[in-house]
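Novice: Sequence and computational prediction follow.
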Amino acid sequence: MRSYWTKRVLGAAAVLLLVIAANFFLFRIMPGDVVSTIVDPRFSPEAKERMREVFGLDLPLGRQFAVYVRRMLTFDFGISFLSQRPVWDELKSRVPNTVALLGSALVLSSALGTWLGVKAARKRGGFTEKVVLLSGSVSFSFPSFFVQLVLLLLLAYTFPLFPLRGSVSIPLPQTGTARALDYLWHLLLPAGSLVLLGFGSWAIYVRNLMVKTLGEDFILMARAKGLPEGRVLWNHAFRSALPPVLTLFLLALPGIVSGAVLTETVFSLHGVGKYLLDSIMGHDYPAAGAAFYILGLLTIASNLAADAAYALADPRIRVGGRVQS
Amino acid sequence: MRKPPRWSFMAFLLILAVAAAGPPMLPGDPGRTMAKPFAPPAWSGGDAPPPFSGAITPASREITIDWKWDAPENLTLKGQLAFDEDSPVRLVWTTAEGGSFTLASFRGGSLWEVDLDARDMAFKTGLGIPPFASATSLLFPGRGVQTLSLEGPAPSGGSLDLALPGGRWGLLGTDQRGRDVLSLFIVGVRVSLLVGISATLLASLLGLSIGLTSGYLGGAADALIMRAVDVLLSIPVLPILMVFVGIWGKGLWQLVMILGLFSWMGTARTVRSLALSLRESCYVENLRSLGAGPWYILYRHLLPEAMPVVLAAVSLGVPGAILAEAGLSFLGLSDPRVISWGRMLHEAHGFGAFTAGAWWLIIPPGLGISLICLVFLDMGRAIEEMADPRLKGGGGR
Amino acid sequence: MIAIRDLSVTYRTAARSVPAVRGVSLEVPRGKVTAVVGESGGGKSTLVYGILRLLPPGTEMSGSIDYDGMELTRASEERMREFRWKKAALVTQGAMNSLTPVLTVGYQVAEVLRVRLGMPGGEARERALELLAMTNLPPGYAGKYPHELSGGEKQRAVISMAVACSPEFLIADEPTSALDVITQAEVIATLVRMVREKGMGLLLVTHDLPLALSISDEMAVMHEGRLVEKGTPERITAFPSHAHTRTLLSAFGVTARSGQ
């Protein structure tokens, strides 16, 4: 148990360091003066020289990296070229939006996918199984942003049920409840489209796992015990298939984060992914680096959460003990 | 026993044919303005006029236009006429209501070059209207027959082409710049194929060599490589690609390189496990005891065993690369001069296809991407099925 | 008594159909040990799962299985569920995979009591401890997960679970395969003790001829889906009537004892 956690936390730390290192070196291998990647090119030469000192650019590379790691860990990302404001001040308001989008999409698509996957495994060749297989191949080959554009065209333009763009209405509604509802209204189509695109592969994965689990001896045993079918299905089969289902979170997460960047662009949401794109387009390197780092951080944190859930669901990790083959 | 070929192989050949032969057969430059912006497809109906074209030649010195709609967006007249006789000629426009305008005149006796555009200031000044007024609403005051005729001596050669951009156009309408969407669509298939296949080939090559090396060496090197694969697989790829493109530039080949560099992990993992199982298998043991060197075993025996797997991985990997290219292009992180399906969606999203309700800018490129991905997925599965018995026979698992 | 008459079971797949049990008739009385011996793939397990009607969908059954006047081949799923475990409980190859890996042993025993007998939670947990103790598993084992148990311990846990609802019959399908010899003896001893104490009928299905000969009251030899020999162990050892039985006996080196 302890070694499991040491391994996971160390692994997460390694990935975090890798993300920081990637950030550090990527923005330094660019053609041209190093200063221009960190300091606004429009500054005067004297100001640049001062910045050079402030950011420690005259230090040896190793010291520079140490300074950089400390700045990243304390969310000190420097000043945005575009807005001339601290990057973190700009990002702060966007993180909750991205977390809300990612979180709701992950939770809803995994819940729906799991439910349908279990149903499909139970009735092989049934209607649910056909739906699952179809939606799975859709999510493998249809570009997410295309599906979202079509949804936007249908549900925001042709039938204006949802807003065309934005995270909130402008001007903001007055009361708190109205604001919350407005926020949900803006979130519904982006998150819903991610669920629509994501549940199929979940369902297929869960179905395959469940088909395998339902063929195990202990399922036959549970049926022989005369337990009701629902109990056999959920309490014995699904409960046993849960640990590998949880690893799917780990597998699906990078794709969902990538999907969130596209989603935020399609729906013009006030999120970290859209900020990353805008910064890259505007050659605002401090901002782009920070947005990239935040997305990496979100991924690593969710990975750890999934690891924790895995450990809780699988007694072989939670309890350890002598493992019989 | 021969089975009928899978649909995907046929579809793949069709796509290749379109990519190879399509663009040269297009009815003109895909970059040219063909009709008004956001013109719906010709078959979609509606009350918009179709595009009109006519020519003045030595044989036909008059164009009659039976116009049943509101005034068109624009009118252009381009070309040249040769005159032998040294007397003046005029181009006269007669409206349905009887009004008459001289659009241009020439003294005669030589070659007359004409390039008129109803949106030009000079054209409007010539008609005596202010620069912000619409010249076409003057020339098309009502519905009925309008005529353009050449007055003066007959030309001896050449032709003048009259074009009225329609409100409807072609099979798939026009985009925000009035370009033919069908042409753009056909040109776009090239980028998807090119980027998809070359990035995946690069990735497979990388994956193959890394996987073989890792599986064959084993030990600490193997553990290190596989750990790196795990880490790379746990980081979202799109943001990395975005940063790379932002730094290295938006060129097509940069994109291929970047996509290749970040999608070899799956192949490497598959090839490694195959190499690992083959390494332990009896026949490699036998080869080794016969004195075969590691490189000989690697390239003469392990590589051929891994080939079907790699081929299937290529085919299954292409959709990923195509989707990544489309995603980056959709985000605007691609060369603006290169027309691709992702770029078309980017422009549709960025330049107001929604306010125009222009579904024809969204559906064709999107379906194109999806279809090409489905084709490659199905081909990959077919290759896997063909390769499977060999794998079962070869792997000593 | 469970009376099987002319039972045939055929597995059907899209491509072909495979007959697994062909015209088997067998009686399993209460209070006695009935053994069915045969080689793997000879249809023994099919017979067991046929009695409990746990065969894969699409499998064809003909003939009859009569349990005290109830026709099991045609009973409703509801009545079958009632029959399972309360009337006939199953002991499988427990060393392998018969316990749900993510639930504790105690929970799995108590679950049967709660769900099948409607026992309240606390009482079920106490009773589960008693049942485990009956098969020599100390109370600490209730909180353990299957992976923490040895093969023999798992099998004893499965036996505690099997007797939880005091069934009239135990059906044991290769209960000792995959166990070492000493553990086999322990498990068989536990099984026989439970059956004798409670007067249950035991249907033992095994490929282990010496085991069947040593503990059964009545036995049958199964070969390619048919019962080729039925009788007491003594009779079969002394006067095997079918060529396959003789082959089996000589394979296990039992012919030497035929005079006993």
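Specialist: Looks like it arrived, so ask away. Numbering: from 1, shown residues only, chains lettered A, B, ... in the order given.
Novice: A:Ser139 touches A:Gly200, doesn't it?
Specialist: Yes: counting by Cβ atoms under 8 Å, A:Gly200 is a contact partner of A:Ser139 at 4.2 Å. Every residue, glycine included, has its C-beta placed from N, CA and C.
Novice: higher neighbour count, these two?
Specialist: The residue with more neighbours, out of A:Ser139 and A:Gly200, is A:Gly200; 25 against 22, by other Cβ atoms under 10 Å in any protein chain shown.
Novice: The more buried one and B:Ala154: what is the separation?
Specialist: Distance of A:Gly200 to B:Ala154, given as Cβ to Cβ, to the nearest Å: 70 Å.
Novice: Ok, A:Leu196 next?
Specialist: Applying Cβ to Cβ to A:Leu196 and B:Ala154 gives a distance of 67 Å.
Novice: So which of those two has more stuff around it?
Specialist: More crowded of A:Leu196 and B:Ala154, by other Cβ under 10 Å: A:Leu196, with 20 against 13.
Novice: which ones are touching the more buried one?
Specialist: Going by Cβ atoms under 8 Å, 6 or more residues apart in numbering or on different chains, A:Leu196 touches A:Val147, A:Leu151.
Novice: Get me the contact residues on chain B for chain A.
Specialist: Counting by Cβ under 8 Å from any Cβ of the partner chain, chain B comes close to chain A at B:231, B:233-240, B:242-247, B:319, B:323, B:326-327, B:330-333, B:342, B:345, B:348-349, B:354, B:357, B:359, B:362-363, B:365-367, B:369-370, B:373-374, B:377.
Novice: same question for stretch C:49-57, mean pLDDT?
Specialist: When pLDDT is averaged along stretch C:49-57, the result is 85.
Novice: brain fart, stretch B:236-247
Specialist: Mean predicted lDDT for stretch B:236-247 stands at 85.
Novice: for it, which positions count as buried?
Specialist: Using 16 or more other Cβ atoms under 10 Å in any protein chain shown as the test for burial, stretch B:236-247 gives B:Pro236, B:Val237, B:Leu238, B:Pro239, B:Ile240, B:Leu241, B:Met242, B:Val243, B:Phe244, B:Val245, B:Gly246, B:Ile247.
Novice: Just the buried residues of the residues of chain B next to chain A.
Specialist: B:234-240, B:242-247, B:319, B:323, B:326-327, B:330-333, B:342, B:345, B:348-349, B:354, B:359, B:362-363, B:365-366, B:369-370, B:373-374, B:377.
Novice: Out of these, name the ones that lie in helices.
Specialist: B:234, B:237-240, B:242-247, B:319, B:323, B:326-327, B:330, B:342, B:345, B:348-349, B:363, B:365-366, B:369-370, B:373-374, B:377 (DSSP state H).
Novice: Shouldn't B:Ala19 be within a strand?
Specialist: No: B:Ala19 is assigned helix when assessed by DSSP: H, G, I helix; E, B strand; the rest coil, not a strand.
Novice: Could you give the number of residues near it?
Specialist: Count around B:Ala19 with other Cβ under 10 Å applied: 18.
Novice: In the chain, which helix is the longest?
Specialist: Let's take chain A. Every helix in chain A considered (DSSP H), the longest is helix A:176-214.
Novice: Hmm, no, I was thinking of chain C.
Specialist: Max-length helix for chain C by DSSP H is helix C:181-198.
Novice: buried ones in it?
Specialist: Buried-residue list, helix C:181-198, by 16+ other Cβ under 10 Å: C:Thr183, C:Gln184, C:Glu186, C:Val187, C:Ile188, C:Thr190, C:Leu191, C:Met194, C:Val195.
Novice: Check stretch A:199-218 too.
Specialist: Applying 16+ other Cβ under 10 Å to stretch A:199-218 flags A:199-207, A:209-211, A:213-214, A:216, A:218 as buried.
Novice: Stretch B:194-211 now?
Specialist: Neighbour-count burial for stretch B:194-211 [16+ other Cβ under 10 Å]: B:194-204, B:206-211.
Novice: Send me that stretch as CSV with only the CA atoms.
Specialist: The C-alpha trace of stretch B:194-211 is given here as CSV (Å, rounded to 0.1, in the frame of the first residue of the first chain):
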residue,chain,number,x,y,z
LEU,B,194,-0.5,13.7,-47.1
VAL,B,195,-0.2,14.8,-43.4
GLY,B,196,-2.1,11.7,-42.1
ILE,B,197,0.0,9.2,-44.0
SER,B,198,3.4,10.8,-43.8
ALA,B,199,3.1,11.7,-40.1
THR,B,200,2.0,8.1,-39.3
LEU,B,201,4.8,6.6,-41.4
LEU,B,202,7.3,8.7,-39.5
ALA,B,203,5.6,7.7,-36.2
SER,B,204,5.6,4.1,-37.1
LEU,B,205,9.2,4.1,-38.1
LEU,B,206,10.1,5.7,-34.8
GLY,B,207,7.8,3.3,-32.9
LEU,B,208,9.2,0.3,-34.8
SER,B,209,12.8,1.1,-34.1
ILE,B,210,12.2,2.2,-30.5
GLY,B,211,9.9,-0.8,-29.8
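Novice: Other residues contacting that stretch?
Specialist: Residues contacting stretch B:194-211 (Cβ under 8 Å, 6+ apart): B:225, B:252, B:255-257, B:259-272, B:274-275, B:303, B:306, B:310, B:313-314, B:317-322, B:324-325, B:340, B:372, B:376.
Novice: Fine by me, we can end here.
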